[in-house]
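In: Coordinates only, no sequence provided:
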Ligand SMILES: Nc1nc2c(ncn2[C@@H]2O[C@H](COP(=O)(O)OP(=O)(O)OP(=O)(O)O)[C@@H](O)[C@H]2O)c(=O)[nH]1
C-alpha cells in the first residue's frame, strides 16, 4: 500500500499537469461526442416512431379492407344465391312461368329476404322484361343493350356475372347488376335473371369506418371500373381507374397487398391496403392519408426538435465556456510563469546587489562575513586550510589629498577590477573590506599559497603604474597581509584569522609598504 501511494500521487499529478491543448482537444471531442450521440439517438427514435405509426396504419387498413371484402363478397353472394333459385325454377318450368302472377310474388319474396337487393328481374332472350320484384315500373322495361345482357348472349357459362355499375332505367339510382343466364332444355339462350344491388348499400358500409380527414375507400371491378368510392362522388361511379396507382399495384402484386402510394383522384399520399374478393371479380382498397397518420408524430417531432435545439444550444454554450475556461487557465498559468521568472531574475539581482560593493564591483563586507563563516565551517569539516589576504592601498590619504576624492574612487575601482581579473580560483572570494582596504578569502590554501597569491596581486596593481605623486615610488602600490589556518586542527577561529592577517598587513606597512607579509613566515 505504501509503495502504491507515491505512484498514485504521480499519476494524479501527471493528469493534473495535462497540457491545456490536450485538455481542449479532449473537451472538444467529449462535447462533440455528446452532441453526436444525442442527435443520433433522437434521430433514431424519431425515425422509429414514424415507422411505428406507418406500420399501425398498414395494420388498420388491412383489417378495414378485410371487413369490406367480407361485406362485398357476402352481398354479391346473397344476390347470386337469390338468382340460383329463380333460374332453377325457370329452367325447370320454362320461361312462360315467369309471366304468371305467383312468379312475381316469388321474386318479391326473394328480394325482401336479401335487404341489399334493389330488385330481381327476368328478361327474355331479346332483353325484354318479363317479370320483376319492383311494384312500380317506370321507364322502359327492357335491357337489350346492357353489357351484362350481351355477355350472357355470347357466353354459355351458367356462373354469375357481375356487371359494371349502371343507372337503373326505372329508378335512376346507381345499381350493381349480378346476373345469371337461363337456358332452355336444349341449352339455347332463353334469357337472364338479374339481381341488382343498390350501390348506396356499399357506400353506407364504407361510411361506418373511421378513415380520418383524408382517407379513402374504393370498391371497383377487376378491370378498374369504379363501383363506389369514399369520399362519395357520384361522378366517379363507373369511371375507369385502370390507370390508377391502386389498380396498377393490384396488377403487379397479386390478390392482396399494401403500399404507400399517391392517389390519382386527389394526388394525396396514402397508406393503401387492397384485396380481391375471393368469389367475384371485384377489388376493395382502403387507405389512410400519410398526413393524418403522421399528424401527431409531426407535432411530437416539432416538440422534440425544439427541445433538442435548446439542449444543443446549452451543450454548445457549456462546451464553449469550458474551452474558454481552459484557455483562460492556460493564459493565467503563462502569465504566472512569466511573473515568476521575472521575480526570480529580480530576486537574484537584488541578492547580488545586496552582497556587492557598488564602487569596486567586488563583494561587500556582508558577503565577506557570510563567506568567512561558511568557508571556516567547510574547512573544519574537510580538515583543509583556509587563508586570508588583506590588501591596503599605500598612502591613499595623500592620493585623495593630491588628486581629489573622486580620483581616489576611480583608483579604487581600477584596483578592484585588477583583483577580479588577476586569476584566482572559482571558490576565492574578493571583497572590499572597508575604505581603501580589500580582502580575499582563499579556501584550501595554506599561508605559502596565500603569500604567492598576495604577491600576484601586488605585482598586478604595481603594473598598472597609476601615478601617485604622494608615494615615494611615484605610482600606486599596495601592501598585503597574508595568513592561513587549518580550522579543524589548530585552535584558530575566524576572528583569530582576521587578526593574524591584519597583523601581517601591519608588518608589511611598517616594513616599508609595497610588499607582502605572512603571519607566521614573514618574508
Ligand atoms: N577616495 C576614497 N577614499 C577613501 C575611501 N575609503 C577610504 N578612503 C580614504 O583612504 C584613506 C586611508 O588613509 P589612512 O588609513 O590614513 O592610510 P594611508 O593614507 O593609506 O596610509 P597607509 O595605509 O599607512 O599607507 C583615508 O584618507 C580615507 O578617507 C573611498 O571609498 N574613496
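Out: Cool, got the structure. Because the structure is predicted, anything quoted here is derived from the model rather than measured.

In: How about the secondary structure of the residue in the stretch 51-200 of the chain positioned nearest to the ligand?
Out: The ligand sits closest to residue 51 of the stretch 51-200 of the chain, with a gap of 100.2 Å, by C-beta to the nearest ligand atom. In short, each C-beta sits where N, CA and C put it, glycine included. Assigned with DSSP: H, G, I helix; E, B strand; the rest coil, residue 51 falls in the helix class.

In: For it, give its distance to residue 184.
Out: 62 Å (C-beta to C-beta, to the nearest Å).

In: between these two, which one's more packed in?
Out: Counted by other C-beta atoms under 10 Å, residue 51 and residue 184 do not tie: residue 184 has more neighbours, with 14 against 11.

In: can you tell me the helix or strand for the residue lying closest to the more buried one once chain neighbours are set aside?
Out: The shortest distance from residue 184 to any non-neighbouring residue, by C-beta to C-beta, 6 or more residues apart in numbering, is to residue 190 (4.7 Å). For residue 190, the host element (DSSP states H and E) is strand 189-198.

In: Could you name the helices and strands sitting against the following helix or strand past that strand?
Out: Going down the chain from strand 189-198, the next helix or strand is helix 199-207, by DSSP H and E. Helices and strands touching helix 199-207, by 3 or more C-beta pairs under 8 Å, 6 or more residues apart in numbering; DSSP states H and E, are helix 20-93, strand 174-183, strand 216-221, strand 226-230.

In: now the ones you listed in a markdown table, with mean pLDDT?
Out: As requested, those are exported to a markdown table (pLDDT from 0 to 100):
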| stretch | mean pLDDT |
| --- | --- |
| helix 20-93 | 86 |
| strand 174-183 | 95 |
| strand 216-221 | 94 |
| strand 226-230 | 95 |
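
In: Out of those, which gets nearest to residue 263?
Out: When the helices and strands packed on helix 199-207 are compared by C-beta to C-beta, strand 216-221 sits nearest residue 263, at 6.4 Å.

In: Is residue 78 in contact with residue 117, as I believe?
Out: Yes: between residue 78 and residue 117 there is a contact under C-beta atoms under 8 Å: 7.2 Å.

In: The two: which has the busier surroundings?
Out: Neighbours were counted for residue 78 and for residue 117 using other C-beta under 10 Å; residue 117 has more, 23 against 18.

In: ok so, going back, give the contact list for the residue nearest to residue 184.
Out: 90-91, 95, 124-125, 182-184 (C-beta atoms under 8 Å, 6 or more residues apart in numbering).

In: Skip the chain neighbours and tell me the closest residue to the residue of the chain found nearest the ligand.
Out: Relative to the ligand, the nearest point of the chain is residue 408 (2.4 Å; C-beta to the nearest ligand atom). Distances taken as C-beta to C-beta, 6+ apart place residue 400 nearest to residue 408, at 4.3 Å, with adjacent residues excluded.

In: Give me the pLDDT for the residue of the chain closest to the ligand.
Out: At residue 408, the pLDDT value in this model is 96.

In: Got the phi and psi for it?
Out: When read as degrees, to the nearest 10, the backbone of residue 408 gives phi -60, psi -40.

In: Was I right to think it contacts residue 397?
Out: No: the pair residue 408 and residue 397 fails to qualify as a contact (C-beta under 8 Å) at a distance of 9.2 Å.

In: So between these two, which is more surrounded?
Out: Set residue 408 next to residue 397 and count neighbours by other C-beta under 10 Å: residue 408 wins out with 18 against 11.

In: Can you give me every residue that contacts the more buried one?
Out: Going by C-beta under 8 Å, 6+ apart, residue 408 touches 396, 399-400, 436.

In: Who wins on neighbours among these?
Out: Counting by other C-beta under 10 Å, residue 399 has the largest number of neighbours within these, with 24 neighbours.

In: And the contacts of residue 408, which is the shakiest by pLDDT?
Out: Within the contacts of residue 408, the minimum per-residue pLDDT falls on residue 436 (92).

In: What lies in contact with stretch 28-35?
Out: For stretch 28-35, the external contacting residues (C-beta under 8 Å, 6+ apart) are 312, 315-316, 318-319, 322-323.

In: same deal with stretch 303-313?
Out: 35, 38-39, 42, 46.

In: 7 Å instead?
Out: 35, 38, 42, 46 (C-beta atoms under 7 Å, 6 or more residues apart in numbering).

In: Repeat that for stretch 123-134.
Out: Contact with stretch 123-134 is made by 95, 98-99, 103-104, 107-108, 110-111, 119-122, 141-144, 149, 170, 189-192, 194, as judged by C-beta under 7 Å, 6+ apart.

In: Of those, which belong to strands?
Out: With DSSP state E as the criterion, strands contain 119-122, 189-192, 194 from among the contacts of stretch 123-134.

In: List the buried residues in stretch 459-474.
Out: Residues 460-462, 466, 468, 470-471 are the ones in stretch 459-474 that count as buried (16 or more other C-beta atoms under 10 Å).
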